[in-house]
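S.K.: coords please:
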Amino acid sequence: MSENKAIGQVNAGQFVVSIDRGSQLPIYRQIYEGIRLSILDGRIACGERLPSSKELAQFLSVNRLTVLKSFLELANKGYVQTISGAGTFVIHGGAAENAMSFQPPDDAKQEHPPIRFSSFAHGLMANWMSEPGGAPEVETNNVAPPFDELPVDRWQKLLNQATRIVRAVSRTDSSSPTGCARLRQTLADYLRRARGVECSPEQIVVFSQPETANYLICRLLLNTGDAAAVENPGGTGTRHALAFHGARVVPISVDAEGLVVQCLYDSAEAIKVVFVTPSHHDPTGIELSLSRRFELLRWARQRGALIVEEDDDAACRYGDQTPPMVHTDGDRNVIYRYNFGKTLFPLVRAGFLVLPAKLVALFEHALHILEFEISPFEQGALADFIAEGHYERYLKRIRNVYAPRRAYLVQALTVNFGKAISISNARVGRQALVWLQSDRSDEFLLACARKAGLPLSSTGSSYVCEPKRGEFLINCSHLSEEDMRRSVNVFAALTKAGEDQVERLPASWFQSNQVLPKL
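M.R.: Presented below is the predicted three-dimensional model:
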């Protein structure tokens with residue numbers, strides 16, 4: 001069902017956002033489209049202030065993070081600008097109105113020769129459409145932490161503090177393209193303290209977003225046609241980056257011990273780089289066994305290959321954590337990568353690499369040329385946030401939030417589905433990997449989950465080939481226990497109903513825990 005709600009910032013009913021919670025279009029995108037169209041048709045004039053993200057989230061009964069993502073998209077497209085302490089203002093009204101009144105030239109409707117794309121572009125689109133199920137769906141940031149748990153006030157204070165000393169930062173810390181010296185020293189100290197990794201600040205390269213790290217690794221280490229290995233199943237971001245740069249993606253199977261290293265030995269491909277998530281495999285949550293870690297290091301040394309170790313999700317594991325592979329590598333073949341976006345988005349998207357000493361000069365020279373810059377304000381604030389112990393205390397707090405939520409989710413699923421569901425026992429907090437035994441299609445189950453408000457997603461896109469039917473991830477980080485109970489109860493009831501019956505259910509039923517009515 002659709003919900004139409006007017007946003008009364010200055011004039012009540014100034015514009016309308018239509019939210020359809022049964023739509024496949026993410027809610028943040030629906031909010032974005034509603035505001036964008038209101039700007040284009042003149043209901044919001046250039047210079048007017050939008051409601052705050054908190055006000056709008058409360059008004060629409062959505063998560064504040066969802067509204068922030070909509071505002072970010074509007075800003076990226078040039079419709080609005082956010083001014084710290086003042087609010088978010090429309091800046092595109094006049095241009096939009098001019099664009100709407102623009103008259104095309106007389107020959108605009110005539111046929112013209114098509115634009116000729118490069119072979120690279122054709123290859124890119126061919127790879128894009130060859131994904132399981134066609135072109136990948138637009139995904140929400142399911143890995144983002146609950147907004148209410150983010151250290152927003154602390155971060156704002158540190159960011160303001162870093163801004164006040166901008167001249168000192170500019171003189172001393174912003175000269176290196178690999179990141180300011182103080183932040184790199186702070187990161188080296190943190191790795192030694194929290195993850196048992198010994199490295200020098202000079203080995204650390206700070207990047208502003210994950211795409212930058214992928215670009216550098218692919219551009220500097222792989223030629224077009226070179227082979228790179230990825231876990232199957234595994235994260236889609238790395239796979240898309242490799243395809244974007246023309247590398248041949250070699251899928252390597254994963255079992256109960258993690259990446260099957262024997263498959264690397266058996267492969268006929270001359271694999272130059274292997275991407276692996278040993279501390280928390282995506283999506284299964286499996287931890288790479290110690291024997292497999294040493295076996296993988298031996299393979300890399302024998303073949304002269306490099307290992308890219310992605311450690312993003314290690315912070316959300318419960319209990320004792322195994323040190324990363326770079327800890328035992330001896331500065332030879334492992335590039336360590338960490339992304340703060342998994343724990344601090346949308347406050348921070350930055351991350352860093354720890355390079356073997358032999359690669360430092362290459363990456364530094366490339367960054368001098370490419371000029372991938374990260375704000376000195378953000379670097380200063382991040383250095384203080386880590387050095388003062390705020391980051392480690394924050395991680396401990398969110399682990400304590402995730403653990404009971406995941407336990408409650410497992411309990412609710414078990415009560416409702418019994419033996420018809422299997423749940424991974426991986427020691428990670430924000431999501432659960434489940435296998436549903438059902439004679440219904442995955443598409444029907446996903447539609448039921450959307451209607452129930454349960455953040456369930458298929459793992460199909462994680463597979464290079466042969467995705468598993470009935471395998472899903474459920475994100476529990478943003479749901480309260482009450483919301484989780486209701487969503488799971490409703491989802492279970494819907495999966496047992498016929499498709500026609502589900503379509504005819506009244507909207508009020510989804511907010512209750514009633515048994516299915518006879519229609």
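
S.K.: Run through the helices of the stretch 251-400 of the chain in chain order.
M.R.: Using DSSP state H, counting those that start in this stretch, the helices of the stretch 251-400 of the chain run over 261-266, 290-303, 326-329, 341-344, 357-370, 376-387, 390-417.

S.K.: mean pLDDT lowest for which of those helices?
M.R.: Across these, helix 326-329 has the smallest mean pLDDT, namely a mean of 84.

S.K.: And for that one, what's in contact with it?
M.R.: For helix 326-329, contacts defined as CB atoms under 8 Å, 6 or more residues apart in numbering pick out 195-199, 293-294, 297, 307, 309, 334-336, 354, 356. Quick note: C-beta positions are derived from backbone N, CA and C, even for glycine.

S.K.: Mind checking which of those land in strands?
M.R.: Under the assignment DSSP state E, the contacts of helix 326-329 contribute 307, 309, 334, 335, 336, 354 to strands.

S.K.: now these in JSON lines, with distance to residue 481 and neighbour count?
M.R.: Below are the ones in strands among the contacts of helix 326-329 laid out as JSON lines (distance: CB to CB, whole Å; neighbours: other CB atoms under 10 Å):
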{"residue": "307", "distance to residue 481": "40", "neighbour count": "24"}
{"residue": "309", "distance to residue 481": "35", "neighbour count": "24"}
{"residue": "334", "distance to residue 481": "40", "neighbour count": "25"}
{"residue": "335", "distance to residue 481": "40", "neighbour count": "25"}
{"residue": "336", "distance to residue 481": "36", "neighbour count": "25"}
{"residue": "354", "distance to residue 481": "39", "neighbour count": "26"}
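
S.K.: Please identify the buried residues of stretch 461-477?
M.R.: 461-464, 467, 470-477 (16 or more other CB atoms under 10 Å).

S.K.: what distance separates the start and the end of that stretch?
M.R.: One end of stretch 461-477 sits 21 Å from the other (CA to CA, to the nearest Å).

S.K.: repeat for stretch 472-490
M.R.: Taking CA to CA, stretch 472-490 runs 17 Å from one end to the other.

S.K.: for stretch 381-394, same thing?
M.R.: 15 Å.

S.K.: list the buried ones in it?
M.R.: Result for stretch 381-394 [16+ other CB under 10 Å]: buried residues 381, 382, 383, 384, 385, 386, 387, 391, 394.

S.K.: Now the two most distant members of the residues you listed.
M.R.: 383 and 394 (15.3 Å; CB to CB).

S.K.: quick check: mean pLDDT across stretch 487-498?
M.R.: 86.

S.K.: buried residues in that stretch?
M.R.: For stretch 487-498, a neighbour-count test (16+ other CB under 10 Å) marks 487, 488, 489, 490, 491, 492, 493, 494, 495, 497 as buried.

S.K.: quick one on the thing from earlier: can you put the buried residues of stretch 461-477 in TSV and add distance to residue 404, secondary structure and pLDDT?
M.R.: TSV is the format used below for those (distance: CB to CB, whole Å; DSSP: H, G, I helix; E, B strand; the rest coil; pLDDT from 0 to 100):
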residue	distance to residue 404	secondary structure	pLDDT
461	29	helix	91
462	27	helix	93
463	31	coil	94
464	35	coil	91
467	31	coil	90
470	27	coil	95
471	25	strand	96
472	21	strand	96
473	19	strand	94
474	15	strand	94
475	15	strand	89
476	10	coil	85
477	12	coil	83
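
S.K.: could those be laid out in a markdown table, adding distance to residue 432?
M.R.: Converted to a markdown table, these look like this (distance: CB to CB, whole Å):
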| residue | distance to residue 432 |
| --- | --- |
| 461 | 18 |
| 462 | 15 |
| 463 | 19 |
| 464 | 23 |
| 467 | 18 |
| 470 | 14 |
| 471 | 12 |
| 472 | 9 |
| 473 | 7 |
| 474 | 5 |
| 475 | 8 |
| 476 | 7 |
| 477 | 11 |
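
S.K.: circling back to that earlier point, closest one of the contacts of helix 326-329 to residue 118?
M.R.: The nearest member of these to residue 118, counting by CB to CB, is residue 335 at 29.1 Å.

S.K.: Which residue comes closest to the closest one once chain neighbours are left out?
M.R.: residue 308 (4.9 Å; CB to CB, 6 or more residues apart in numbering).

S.K.: so which strand or helix has the closest residue in space to residue 362 that isn't next to it in sequence?
M.R.: Leaving aside its sequence neighbours, residue 362 sits nearest to residue 220 (CB to CB, 6+ apart; 6.0 Å). Using DSSP states H and E, residue 220 maps to helix 210-221.

S.K.: send the alpha carbons of that helix over as PDB?
M.R.: C-alpha atoms of helix 210-221 as PDB (Å, rounded to 0.1, in the frame of the first residue of the first chain):
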ATOM      1  CA  PRO A 210      36.500   1.700  -0.900                       C
ATOM      2  CA  GLU A 211      36.300   2.300  -4.700                       C
ATOM      3  CA  THR A 212      39.700   4.200  -4.500                       C
ATOM      4  CA  ALA A 213      41.400   1.200  -3.000                       C
ATOM      5  CA  ASN A 214      39.900  -1.200  -5.600                       C
ATOM      6  CA  TYR A 215      41.000   1.100  -8.400                       C
ATOM      7  CA  LEU A 216      44.600   1.400  -7.100                       C
ATOM      8  CA  ILE A 217      45.000  -2.400  -6.600                       C
ATOM      9  CA  CYS A 218      43.500  -3.300 -10.000                       C
ATOM     10  CA  ARG A 219      45.300  -0.500 -11.900                       C
ATOM     11  CA  LEU A 220      48.700  -1.100 -10.500                       C
ATOM     12  CA  LEU A 221      48.800  -4.900 -10.200                       C
END
